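In: curious how this folds, go ahead:
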Amino acid sequence: MQTYEIKNKIYINDSARIDGKVVIITGCNTGIGKAVAHDLAKRGGKIYFACRNEEKTMAALNEIKESTKNEQLYFLKLDLSSLQSVRDFAQKFRELETRLDILINNAGVMSPLNRTADGFEMNFGVNHLGHFLLTNLLLDIIKASAPSRIIVTSSSLHNIANINQEDINSEKSFPGAFKGYANSKLCNILFMRELSKRLQGTGVTVNALCPGPVNTEAIRYLNPVVRFFISPIKKYFHNTPEVGCQSTVLLAVEPSISEVTGNYYDQFEKKEPSIRGQNYEEWLWEKSVELTKLNES
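Out: Residues are numbered from 1 along each chain as shown. Prediction:
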């Protein structure tokens, strides 16, 4: 039975506290991630800001610390476009903590054709592979902390995705920033579904969500002319990050869904992913293990 309320796209359950729980949020120095960090800080969580830009992150962290009076907020450098950075982050986190209650894979980019430090197409490399490796490197700590939760930020744009299994890294052709982003968001859902199967019976839940249309900096890597035309639309017709973060917060803290796993939500509503989001989970998992050299970690 649900114990929460949804009013005007806002999740309401002030009694859902997370005091004593350790949280990692990727990409939380701006946009949805920052709004999630603020909400979870109010609820008493010990939060690690997993971000690339230290100066920008510390500004956001200190702002939230001042607003919430929560002193347990920490910066830990993470560049999802570098698998070595992901490994360094996981190792450093292990040195600092013995538990991880909530992992929120929030960071994301919408990029024209570009390559990560490891040669992966940027959307695929950052939005999927970086989070795939991060989650797996921390999985034993997450399982040891059960009941615990993993939350994956996807998008309804996965509905237009069409992953080319023979060219997943866009070596032969690139479908464009918009479609490349959509493909990576489909990867997020496939990853969530396969991981939830593998974690059955462990006390760890895994769910994915679409936050809805939100005015964030996700388009910052697009051509300046494209950004010029898109930005006014995003500003006036998209939700604020404070509204967009609500589905993430619910999946992170709501007690009544503590055992719910393997689901995709679009602005609080449970939905079936696209037909392509109901296939290829195992194939993508094995391919991701190969590309990230997970078995060598």
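In: what sits against L96?
Out: Residues in contact with L96 (Cβ atoms under 8 Å, 6 or more residues apart in numbering) are L76. Heads up, the C-betas are built off the backbone N, CA and C, glycines and all.
In: how about 10 Å then?
Out: V22, Y48, Y74, L76 (Cβ atoms under 10 Å, 6 or more residues apart in numbering).
In: surely the third one and I47 touch.
Out: Yes: here Y74 reaches I47: they are 7.1 Å apart, a contact under Cβ atoms under 10 Å.
In: how about the closest residue in space to G108 that isn't next to it in sequence, phi and psi?
Out: Distances taken as Cβ to Cβ, 6 or more residues apart in numbering place N127 nearest to G108, at 4.9 Å, with adjacent residues excluded. Main-chain dihedrals, N127, degrees, to the nearest 10: phi -70, psi -30.
In: mind checking how far N127 is from G203?
Out: Computed as Cβ to Cβ, to the nearest Å, the N127 to G203 distance reads 27 Å.
In: ok, now I150?
Out: 12 Å.
In: what's the overlap in contacts for the two?
Out: I142, T261.
In: could you pull out the helices in this protein for me?
Out: 31-42, 54-68, 83-96, 122, 131-137, 139-144, 177-198, 224-237, 241-244, 246-253, 281-292 (DSSP state H).
In: out of I150 and G203, which sits in the busier spot?
Out: I150 (28 against 16; other Cβ atoms under 10 Å).
In: do I have it right that the more buried one meets L199?
Out: Yes: contact criterion Cβ under 10 Å: I150 and L199 qualify, at 8.1 Å.
In: overlap in contacts of the two?
Out: Contacts common to I150 and L199, judged by Cβ under 10 Å, 6+ apart, are L139, I142, T205, V206, T261.
In: where does pLDDT dip in the chain?
Out: For the chain, the stretches with pLDDT under 70 are 1-3, 214-238.
In: ok, now with 80
Out: 1-3, 213-239, 275-279, 297 (pLDDT under 80).
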